[in-house]
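Visitor: please work out how this folds:
(one chain, ligands or ions: 1)
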Amino acid sequence: MASFSDALPMKDASPIKIVALISGNGSNLQAIIDAIAERGLNAKICAVISNIEQAYGLQRASKAGIPAVWIDHKKYSNREQFDQALIEAIDPYQPDLIVLAGFMRILTEPFVCHYQGRLINIHPSLLPRFRGLNTHQRVIEEGDSEHGASIHFVTPDLDGGPVIVQARISVEANDSAETLAQKVQQQEHKIYPQVVEWFCDNRIRLNQNKVYLDGNELHDRGYSPPI
Ligand code: GAR
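Guide: Numbering: from 1, shown residues only. Have a look, this model is predicted:
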């Protein structure tokens, strides 16, 4: 007779391997590092790679004992060659998940396809609204009443991949691009570790350009956590 424990899904004890790509401050990286340590997420960040030597996120990585790698995109004559160098740096770690955490480079289709289903990005807007740069300023200029952050699977369509989760904030009359950036980042630091945890627990999946959480398809705007 099957026991109760036979009915439970097998939990793989080995942590999921993550490589994070950054270009700057790395506060989202820090939120993930902290969540792994404090909440005991079953994940290991194997390396942090930056295209910018001075990126503070590289220091955060070193402080946490994570290999910090700088690959200067200016040394490569085109995007394809830089992306190939990135692949060569990432693949030896055999990552289960590649986390773009403020990585400010457009990635080529071969790179994106190479990591399909295990490449995620955080973007400071409620996608599909405000793809690209200067999202906070554009929110003010357009007079939007709500704003936020999105985490999505990366596809060759820039900032256009299927959304996993969105966090919303309301835009007040006295908000500036700076105050919006602060409020959005507070939310980012909650949702990025949450999504990493879902990956650790094998709860999230991309199939035919659709996102599934616990086997249920997430529609247009992904999961919306309670505010
Ligand atoms: C984050 O706000 C993230 O949403 C944004 O860069 C910031 C990085 O902050 N990403 C993009 O704009 C990607 N298009 P951090 O370095 O402190 O994590």
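Visitor: for residue 66, see how far away residue 98 is.
Guide: 14 Å (CB to CB, to the nearest Å). To be clear about C-beta, it is placed using only N, CA and C from the backbone, and glycine gets the same treatment.
Visitor: neighbour count winner among the two?
Guide: Each of residue 98 and residue 66 has its neighbours counted (other CB atoms under 10 Å); residue 98 has more, 23 against 20.
Visitor: could you pull up the residues touching residue 178?
Guide: Residue 178 is in contact with residue 136, counting by CB atoms under 8 Å, 6 or more residues apart in numbering.
Visitor: enumerate the residues of this structure near the ligand.
Guide: 22, 24-28, 57, 101-102, 122-124, 149, 185, 188 (CB under 6 Å from any ligand atom).
Visitor: which one's the longest helix in this structure?
Guide: The single longest helix within the chain, with elements called by DSSP state H, is helix 177-200.
Visitor: would you mark the buried spots in it?
Guide: The neighbour-count check on helix 177-200 (16 or more other CB atoms under 10 Å) flags 180-181, 183-185, 187-189, 191-200 as buried.
Visitor: per-residue confidence averaged over that helix?
Guide: Mean pLDDT, helix 177-200: 98.
Visitor: immediately after that helix, which helix or strand?
Guide: strand 204-207 (DSSP states H and E).
Visitor: which helices and strands sit right next to that next one?
Guide: The contact analysis (3 or more CB pairs under 8 Å, 6 or more residues apart in numbering; DSSP states H and E) places strand 204-207 against strand 210-213.
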